[in-house]
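Trainee: Kindly return the folded structure for what I paste below:
(one chain, ligands or ions: 1)
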Amino acid sequence: MALRTLITKNPLRAAAPLASRGLQTFSLPDLPYDYGELEPAISAEIMQLHHQKHHQAYITNYNKALEQLDAAAAKGDAPTVVKLQSAIKFNGGGHVNHSIFWKNLAPVRAGGGEPPHGSLGWAIDNNFGSFEALRQKMTAEGAAVQGSGWVWLGLDKEFKRLVVETTSNQDPLVTKGASLVPLLGIDVWEHAYYLQYKNVRPDYLKNVWKVANWKYASEIFEKENP
Ligand SMILES: [Fe+2]
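Mentor: Numbers count the residues shown, from 1 in each chain. As a prediction, this is how the structure comes out:
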């Protein structure tokens, strides 16, 4: 009994495993193209603000929340650990989603806007009827997202099929199903288009297809669906 009391009262016992765990924080990834290279579909001004200000803010707040989580967990502060979950989901989701989004876009000179060929092209035809049908479906569902969010083409690895899903705020696609892998996501937050398209989200959605990077989506599809 005395030994048990000694162990449970020793604060180092709970903290030790955490103390040996390194905390990894995140930094803003470079874009694989210049800010102006997606014009006229997306202006350089939007791209620069979106990347340097919005994405950076998600990373800054994600790192802050992770540091607070690490400190709270080390202290065994359960209420604070729970309280931090929404900030981690929102800001971590913002970092995850934007890191994918930059790769989902490409300048026309680098193949932006070229429809997918190969196995992803076939899978799109099989799942949606045609590439044009997929484009219309994602455009319509993206336009219908209430408030801020994303529209995704994803691979459901469990059922081996393609799906179109929307997520709210900065929820990543995986929140709609553990077996979902994002292939192509379109940011429909106002910060992604307002400076150029004002309130006309459908015009942005029409033009973003002109710089969609289907080479990247195909690479992920072939890797995840061998
Ligand atoms: Fe965004």
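Trainee: Quickly find the element holding the residue nearest to the spatial centre of the chain.
Mentor: Central residue of the chain (Cα atoms, centre = their mean): Asn97, 1.3 Å from the mean position. Following DSSP states H and E, one finds Asn97 within helix 85-103.
Trainee: what's in contact with that helix?
Mentor: Defining contact as Cβ atoms under 8 Å, 6 or more residues apart in numbering, one finds that helix 85-103 is touched by 26, 29, 31-32, 50-51, 54-55, 57-59, 61-62, 65-66, 69, 150, 169-172, 175, 182, 185-187, 213, 216. In short, each C-beta sits where N, CA and C put it, glycine included.
Trainee: For that helix, buried residues please.
Mentor: Buried residues in helix 85-103, counted by 16 or more other Cβ atoms under 10 Å: 87-98, 100-103.
Trainee: Quick one: name whatever helix or strand follows that helix.
Mentor: Next helix or strand after helix 85-103 toward the C-terminus (DSSP H and E): helix 118-128.
Trainee: and the residue in the chain positioned nearest to the ion, how many neighbours?
Mentor: Minimum separation of the chain from the ion (Cβ to the ion) falls at Asp187, amounting to 4.2 Å. Look at Asp187: counted by other Cβ atoms under 10 Å, it has 25 neighbours.
Trainee: Distance check, it against Ser99.
Mentor: For Asp187, the distance to Ser99 (Cβ to Cβ, to the nearest Å) stands at 12 Å.
Trainee: what does Leu38 give?
Mentor: From Leu38 over to Ser99 (counting by Cβ to Cβ), the distance is 17 Å.
Trainee: mean confidence for the helix holding Asn97?
Mentor: Throughout helix 85-103, pLDDT has a mean value of 98.
Trainee: Dump it to PDB, keeping only the CA atoms.
Mentor: What follows is helix 85-103 as a C-alpha-only set of coordinates in PDB (Å, rounded to 0.1, in the frame of the first residue of the first chain):
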ATOM      1  CA  GLN A  85      -9.000  19.800 -29.500                       C
ATOM      2  CA  SER A  86     -11.100  22.300 -31.500                       C
ATOM      3  CA  ALA A  87      -8.100  24.600 -32.100                       C
ATOM      4  CA  ILE A  88      -6.000  21.600 -33.200                       C
ATOM      5  CA  LYS A  89      -8.700  20.400 -35.500                       C
ATOM      6  CA  PHE A  90      -9.300  23.800 -37.100                       C
ATOM      7  CA  ASN A  91      -5.700  25.000 -37.400                       C
ATOM      8  CA  GLY A  92      -4.100  21.600 -38.100                       C
ATOM      9  CA  GLY A  93      -6.900  20.900 -40.600                       C
ATOM     10  CA  GLY A  94      -6.100  24.300 -42.200                       C
ATOM     11  CA  HIS A  95      -2.400  23.300 -42.500                       C
ATOM     12  CA  VAL A  96      -3.200  19.800 -43.900                       C
ATOM     13  CA  ASN A  97      -5.800  21.100 -46.400                       C
ATOM     14  CA  HIS A  98      -3.800  24.000 -47.700                       C
ATOM     15  CA  SER A  99      -0.600  21.800 -48.100                       C
ATOM     16  CA  ILE A 100      -2.700  19.600 -50.400                       C
ATOM     17  CA  PHE A 101      -4.400  22.500 -52.200                       C
ATOM     18  CA  TRP A 102      -1.100  24.100 -53.400                       C
ATOM     19  CA  LYS A 103      -0.200  20.800 -55.100                       C
END
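Trainee: Thank you, goodbye.
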